[in-house]
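# Compute the structure for the input listed below.
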Amino acid sequence: MNDRRASRKRWLGLLFISIAVALIIVDSTIVNVAIPSVVEDLDLNSTQVQWVQESYTLVFAALLLVFGTLADRYGRRKVLLIGVAIFALSSILAATAATGELLIASRLVQGVGGAMILPSSLSTINATFRGRERAIAFAVWGSTIGGMAAVGPLLGGWLTTYYSWRWAFGINVPLGVIIVIGILIFTIESKEPSAQRRVDVVGAVLSVVLFASLVFALIEGRSYGWFFSDTPPAFWTWDVSPIPFAFALALVSGIVFVRWGFARERAGKSTMLAFGLLKIPSFRNGNIAAMIVSLGEFGIILSLPLWLQNVLGYDALQTGFVILALAIGSFVASGFAGAFGNKVTPVTIVRVGIGAEIVGVLIVAFVLSPDAAWWHIAPGLFIYGFGVGLATAQLTSVVLKDVPLSQSGQGSGTQSTARQIGSALGIAILGTVLFASLGTGLDAKLAERADIPAEARTQIVDLVVDSAGTGISALDAQSPDAAADARQAFTDSTRYSALAAAGFLAFGFLASLRLDAGRRGDDDAEGAGDDESDGAGARYAAESTDESARE
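This is a model prediction of the structure:
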């Protein structure tokens, strides 16, 4: 009876952990649908539009390793609860923001909370469940990510249409309270008692500098110039753009981070990234695949809501309903994975999932047109969502399969970081593709019209690009032909962004071909991610123990 009660408590705990993960995933996607309303209300430009989304992802990616390590050392449930509290409180700041700068600042704080929630949730699952139960728990966790990524736009559309975009953030507060209560009641604290207490502060700072400078360069390159600068930032006085220096800073800090980490690991000291885990083929190859796939997965989520509202004229709720096709595909995939999970290997499911994502993105890319209907787009979104649902949970299982339990926090933090790095780079690169091609394409189309002088052409391009497309409707009254050109240019740029995403997903598929190198002969989920007694995980655990003993 006690075992049954404990089992029920574990699964109820998983429910609230999944809701916590849903909170941060929904928030990262709910903003996409609300953005046009935010742009109009707070008068954001296109760079600020990217930063409203990117500031959250940037901090998220930069701090995942830090909080994954802290969760192992000081308590996974403790870090999870603090993360939920920070996330809920910063959501209040976002909901009441009066300017774009304040909204971006509150999103930065939200990123801190999100970075505490994700790795601690995954390491808690890894420490709580065993064998086949762990595989099911991973599937629930992964399906939550896939499904909520699509439910977010629907919820955001409903709140934005009938209430205000501010409620897209405000809803996090009551949900946060529910999560805290549920986790306190149904989950138990877990941590690694032998973990060293001292944190690698230098490694943490280097990782933040690395990710911040890289994403800054990718986002601001089109504004400040990739090499020479006509419009430098206020803090910059040189003729050369700050972007090459930002890329150089990212490169140098990345090299120093790796060298510093290896040196500390050889000395038996704590590190932000368990470099020794990269000796495990399944962990190394799985993280590479996860990062590349995540880079491509944001091609649709970033650009499509803007296109649906600014080109087709849908409101936020209608946009959410269109993107709901993605959620339906993800939920169908979770049932498919459950039915065939014991008949085919997880790696095979990952490859099928990535392949479906590529097909879905390509379908969407080729059906885009200024007069398209929702039912032209929905099939591609369904197939894409089906692929996301298949790949997400199984890729997590593959990555963590051979990771020793004592390193679960760092392992989960590393794989989450790989995903978030990919997401951050995806938003930066694909956002740049979207807006740069929009400006170039619209300028070329307007140049063909003799009735629009060069000065007016520049003003129209700046209006459309800087408003992230929301200025197109204002053109209808002034110049219907220019508005039609703008809609076509936005459609073309959305297609280019989707095709770029498909290209990155194709690279992710190629990277998944190396995942077999990290698999043992049997792929049965019974032992997925179990103790450090198997395979490469055991070898790494033994090496770590021997090295610590020598110290």
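# Ala250 versus the residue nearest to the spatial centre of the chain, what's the distance?
When CA atoms, centre = their mean is applied to the chain, the residue found nearest the centroid is Ser423 (4.1 Å). Between Ser423 and Ala250 the distance, using CB to CB, to the nearest Å, works out to 17 Å. Bear in mind the C-beta positions are built from the backbone N, C-alpha and C, glycine included.
# same question, Ala450
Computed with CB to CB, the distance linking Ala450 and Ala250 is 46 Å.
# who's more crowded, these two?
The residue with more neighbours, out of Ala450 and Ala250, is Ala250; 20 against 6, by other CB atoms under 10 Å.
# Show the contacting residues for that one.
For Ala250, the set of contacting residues under the criterion of CB atoms under 8 Å, 6 or more residues apart in numbering consists of 209-211, 213-214, 217.
# Phe331: neighbouring residues, count only.
Here the neighbour count serves as a burial measure; for Phe331 (other CB under 10 Å) it reads 17.
# What is the distance between the one helix or strand it maps to and the centre of its chain?
With the criterion set as DSSP states H and E, the secondary-structure element containing Phe331 is helix 316-340. With CA atoms, centre = their mean, to the nearest Å as the basis, the distance from the averaged C-alpha position of helix 316-340 to the chain average is 18 Å.
# buried set for that helix?
The neighbour-count criterion (16 or more other CB atoms under 10 Å) identifies 316-320, 322-331, 333-334, 336-337 as the buried residues of helix 316-340.
# Counting by contacts, list what it packs against.
Applying 3 or more CB pairs under 8 Å, 6 or more residues apart in numbering; DSSP states H and E, one finds that helix 316-340 makes contact with helix 2-42, helix 131-162, helix 281-310, helix 346-367, helix 374-400.
# neighbours around Pro453, how many?
Each residue near Pro453 was counted by other CB under 10 Å, and the total is 11.
# Can you give me the distance of it to Leu446?
The gap separating Pro453 from Leu446 is 10 Å, by CB to CB.
# show me where the stretch 151-300 of the chain has helices.
Under the criterion DSSP state H, counting those that start in this stretch, the stretch 151-300 of the chain contains helices at 167-170, 172-186, 201-224, 243-266, 281-310.
# can I get these in TSV with distance to Asp371 and mean pLDDT?
Compiled in TSV, these are given as follows (distance: least, CB to CB, whole Å; pLDDT from 0 to 100):
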stretch	distance to Asp371	mean pLDDT
helix 167-170	29	86
helix 172-186	37	89
helix 201-224	29	82
helix 243-266	38	91
helix 281-310	13	81
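# Ok, which of the ones you listed comes nearest Pro36?
The stretch from the helices of the stretch 151-300 of the chain with the least distance to Pro36 (CB to CB) is helix 281-310; that distance is 4.9 Å.
# Could you tell me how far that closest one lies from the centre of the chain?
From the chain centre to the centre of helix 281-310 is a distance of 7 Å (CA atoms, centre = their mean).
# ok and that helix relative to helix 2-42, angle-wise?
With axes from the mean of the first three to the mean of the last three CA atoms, to 10 degrees as the basis, helix 281-310 and helix 2-42 are set at 40 degrees to each other.
# Show me what counts as buried in helix 281-310.
Across helix 281-310, burial judged by 16+ other CB under 10 Å covers 281-310.
# My read is that Ala246 contacts Val215, right?
No. With contacts defined as CB atoms under 8 Å, Ala246 does not count as touching Val215, sitting 9.2 Å away.
# Who has more neighbours out of these two?
Neighbour count, other CB under 10 Å: between Ala246 and Val215, Val215 has more, with 26 against 20.
# Any figure for the gap between the more buried one and Arg77?
In this structure, Val215 and Arg77 are 31 Å apart, going by CB to CB.
# Next one: Ala316 from Arg487, what distance?
Ala316 sits 19 Å away from Arg487, taking CB to CB as the criterion.
# oh sorry, the question was meant for Ile328
The spacing between Ile328 and Arg487, counted by CB to CB, is 28 Å.
# Equivalent analysis for Arg73, please.
54 Å.
# Looking at the two, which is more packed in?
Here Arg73 and Arg487 are set side by side on neighbour count (other CB under 10 Å), and the busier one is Arg487, at 25 against 19.
# Wait, the more buried one touches Ser473, no?
No. Applying CB under 8 Å, one finds Arg487 not in contact with Ser473, separated by 9.9 Å.
# which residues are common contacts for these two?
By the contact definition CB under 8 Å, 6+ apart, Arg487 and Ser473 are jointly contacted by Asn310.
# Residues contacting stretch 96-115, please?
Judged by CB under 8 Å, 6+ apart, the contacts made with stretch 96-115 from elsewhere in the structure are 24, 27-28, 38, 42-44, 48, 51-53, 55-64, 66-67, 83-91, 93-94, 166, 169.
# Narrow those residues to those in strands?
For those, membership in strands holds for none, with DSSP state E as the criterion.
# The residues you listed, buried ones only, as a ChimeraX selection?
Here the buried members of the contacts of stretch 96-115 are turned into a ChimeraX selection, burial being counted by 16+ other CB under 10 Å:
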select :24,27,28,38,42,44,48,51,52,53,55,56,57,58,59,60,61,62,63,64,66,67,83,84,85,86,87,88,89,90,91,93,94,166,169
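# Nearest residue to Tyr162 in space, please, no chain neighbours.
Nearest in space to Tyr162, with sequence neighbours left out and distances taken as CB to CB, 6 or more residues apart in numbering, is Leu317 at 7.3 Å.
# how much space between that neighbour and Ile30?
Taken as CB to CB, the spacing of Leu317 relative to Ile30 amounts to 13 Å.
# Save the helices of the stretch 151-300 of the chain as a markdown table, and put in distance to Gly380 too.
Compiled in a markdown table, the helices of the stretch 151-300 of the chain are given as follows (distance: least, CB to CB, whole Å):
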| stretch | distance to Gly380 |
| --- | --- |
| helix 167-170 | 25 |
| helix 172-186 | 30 |
| helix 201-224 | 27 |
| helix 243-266 | 34 |
| helix 281-310 | 9 |
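# Nearest approach to Ile117 belongs to which of the ones you listed?
Of all the helices of the stretch 151-300 of the chain, it is helix 172-186 that lies closest to Ile117, at 9.1 Å by CB to CB.
# Give the buried residues for the closest one.
Buried, per 16+ other CB under 10 Å, within helix 172-186: 172, 175-176, 179-180, 182-183, 186.
# for stretch 441-459, same thing?
The neighbour-count check on stretch 441-459 (16+ other CB under 10 Å) flags 441-443, 445-446, 452, 457 as buried.
# which two in those are spaced the farthest apart?
Gly441 and Ile452 (15.0 Å).
# pLDDT of the helix or strand hosting Ala71, averaged?
Secondary structure assigned from DSSP H and E places Ala71 in helix 46-74. Per-residue pLDDT values across helix 46-74 average out to 76.
# so that helix versus helix 2-42, what angle?
For helix 46-74 against helix 2-42, the angle by the same axes, to 10 degrees is 160 degrees.
# Which strands and helices lie in contact with helix 46-74?
Contacting helix 46-74 under the criterion 3+ CB pairs under 8 Å, 6+ apart are the following elements: helix 2-42, helix 76-95, helix 100-128, helix 201-224, helix 408-447.
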